[in-house]
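**Student:** Next input, structure requested:
(one chain, ligands or ions: 1)
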Amino acid sequence: MKNFTSIEDINDLQSMIKTALQIKNNPLAEPNKGKGKTIGLVFLNSSLRTRLSSQIAAQNLGLNVLILNASQEAWNLEFADGAVMNGGTVEHVKDAVEVLNQYCDIIAVRCFAGMQNKEDDVNESILSQFLKYAKVPVISLESATRHPLQSFADCITITENWKENRKPKVVLTWAPHIKPIAHAVANSFTEWMQSMEVDFVIANPEGYDLDPKFVKNTTVFHDQNEALKDADFIYVKNWSSFEDYAAMPEVKENWMLTQEKLNATQNAKVMHCLPVRRNVELSDEVMDSENSIIYQQAKNRIFSAQTVFSEILDELP
Ligand code: CP
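**Tutor:** As a prediction, this is how the structure comes out:
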């Protein structure tokens, strides 16, 4: 594995899940694997889980960890090629990444969608600059269109919670929110579910269909109750409109997942990447119910990251 920015960067998902579960069983089995190597975790946006789980994963492998909360602690970055930097930006991404190349053996970066310019976000205007200038492997800690470490953790979590001899039905359902949210988690979950042995469907209101590039031939329901029938796993997530980019078309029905809706499923397990707005996206009763595997998902972020870091270390000189 050279970089890790999407499912395209892995060879065999089932084998990766197996490795992750072995790592979970004994996370300190290779404490010196990363000895003498440094990973730089660069956050252009806020984080709790990604920041801490990546740090734990790297430390479990003996990696030296540099954390740069760039949005608060670093110089304001310029991303435009050829920019005359006589405004608010102080350091060009080219120079910043060239310097990170001097300090790090692996660069991991979080760079959310700006939600202002669809073309910039769809084309990964920030991640692409890191990939362009990095001379070491680059790992996405969530970019404009994908959150692969989260999706991998989600695959691990579904695998752990499914013992029956049939494919589980997995529903990605839209949930309400108070502000426009990016598509990265939903896109990425869709992409990874399409590579899992599951029956996967998406439920979202009219006007909220995801980018067709990610949906492909996955069935999309605009009726949540219809989609939730016989669900084994329900993944709750908000996203804004893709077509009318970052808009929030009015939704008249109540899409918040409640215990009543859960009762119509196959006692489905409930998932969410967190952070969650309680009683907006998910009711307290569902969030705190035995059906919730949300904290297990968060724990699995460690083993998702550790598996990826370990595979990247295998490729380093
Ligand atoms: N799920 C997730 O990525 O959480 P953070 O934004 O807190 O890292």
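
**Student:** how about the strands in the chain?
**Tutor:** 38-43, 64-68, 77-78, 91-92, 106-110, 138-140, 169-174, 199-203, 219-221, 233-237, 269-271 (DSSP state E).

**Student:** now the residue in the stretch 201-317 of the chain that the ligand sits nearest to: how far from Asp154?
**Tutor:** With CB to the nearest ligand atom, the shortest gap between the stretch 201-317 of the chain and the ligand falls at Cys273, namely 3.9 Å. All C-beta spots, glycine's among them, are computed from the backbone N, C-alpha and C. For Cys273, the distance to Asp154 (CB to CB, to the nearest Å) stands at 8 Å.

**Student:** list residues touching both of those two?
**Tutor:** Common neighbours of Cys273 and Asp154, counting by CB atoms under 8 Å, 6 or more residues apart in numbering, are Gln297.

**Student:** how about the residues of the stretch 101-250 of the chain that lie near the ligand?
**Tutor:** Counting by CB under 6 Å from any ligand atom, the residues of the stretch 101-250 of the chain close to the ligand are 142, 150.

**Student:** Show me where the stretch 101-250 of the chain dips below the pLDDT cut-off.
**Tutor:** Along the stretch 101-250 of the chain, segments meeting pLDDT under 70 are nowhere present.

**Student:** Please name the nearest non-neighbouring residue to the residue of it found nearest the ligand.
**Tutor:** Among all residues of the stretch 101-250 of the chain, Gln150 sits closest to the ligand, at 5.2 Å; criterion: CB to the nearest ligand atom. Leaving out its chain neighbours, the residue that sits closest to Gln150 by CB to CB, 6 or more residues apart in numbering is Cys273, at 5.1 Å.

**Student:** circling back to that earlier point, could you dump the strands of the chain to TSV with mean neighbour count?
**Tutor:** TSV is the format used below for the strands of the chain (neighbours: other CB atoms under 10 Å):
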stretch	mean neighbour count
strand 38-43	23
strand 64-68	17
strand 77-78	20
strand 91-92	18
strand 106-110	26
strand 138-140	26
strand 169-174	24
strand 199-203	21
strand 219-221	14
strand 233-237	24
strand 269-271	25
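
**Student:** The stretch 151-300 of the chain: helices as residue ranges?
**Tutor:** Taking DSSP state H, counting those that start in this stretch to define them, one finds helices in the stretch 151-300 of the chain at 184-193, 212-215, 224-228, 259-262, 284-287, 294-315.

**Student:** could you redo these as a markdown table and give each row mean neighbour count?
**Tutor:** Below are these laid out as a markdown table (neighbours: other CB under 10 Å):
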| stretch | mean neighbour count |
| --- | --- |
| helix 184-193 | 24 |
| helix 212-215 | 15 |
| helix 224-228 | 17 |
| helix 259-262 | 16 |
| helix 284-287 | 17 |
| helix 294-315 | 22 |
